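J.: from the sequence below, what's the structure:
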Amino acid sequence: MDLAQHDRSVLEGDDTGFLMGYLAKGSDRVPGASLVSSHAGEMIGEIAVAIRNRLGLSAIATTIHAYPTHAEVFRRAADVWRRSRLTPAATRVFALWFRLTA
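T.: Next up, the predicted model:
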């Protein structure tokens, strides 16, 4: 995730950098990550806890994060990953469901 897409980084005018998470094959578990940011030292604790405790992106995405904070970039990245997991068929089913129930 490019920090130019992260609200807190944009707000502070310090949006140079990125977060790259590495996932275990076939799961959402995070065995590692790269974070390049002037605030990396303040942010890396959350992903370190996820790595140490063998947590996945689902756990990060469902954790409440204060907004806008620098560490919220992990939740945002997890949300982007989760949205990419919908197959085209699932997307069509949800679209139909929402049309029928709206």
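
J.: what distance do you get for residue 6 to residue 47?
T.: Residue 6 is 14 Å from residue 47, where distance means Cβ to Cβ, to the nearest Å. To be clear about C-beta, it is placed using only N, CA and C from the backbone, and glycine gets the same treatment.

J.: spell out for me which residue occupies the centre of the protein.
T.: residue 77 (1.9 Å; Cα atoms, centre = their mean).

J.: grab the nearest non-local neighbour of that residue.
T.: Nearest residue to residue 77 in three dimensions, chain neighbours excluded: residue 1, at 4.4 Å (Cβ to Cβ, 6 or more residues apart in numbering).

J.: burial of the one you found, as a residue count?
T.: Using other Cβ atoms under 10 Å, residue 1 is surrounded by 19 other residues.

J.: again, but for residue 33
T.: For residue 33, the count of nearby residues is 18 (other Cβ under 10 Å).

J.: SS state for residue 21?
T.: When classified by DSSP: H, G, I helix; E, B strand; the rest coil, residue 21 comes out as strand.

J.: now do the phi/psi pair for the closest residue in space to it that isn't next to it in sequence.
T.: Using Cβ to Cβ, 6+ apart and skipping residues adjacent in sequence, the residue nearest residue 21 is residue 33, 4.7 Å away. As for residue 33, its main-chain torsions (degrees, to the nearest 10) stand at phi -160, psi 160.

J.: for residue 33, which residues are in contact?
T.: Residue 33 is in contact with 19, 20, 21, 22, 47, 51, counting by Cβ atoms under 8 Å, 6 or more residues apart in numbering.
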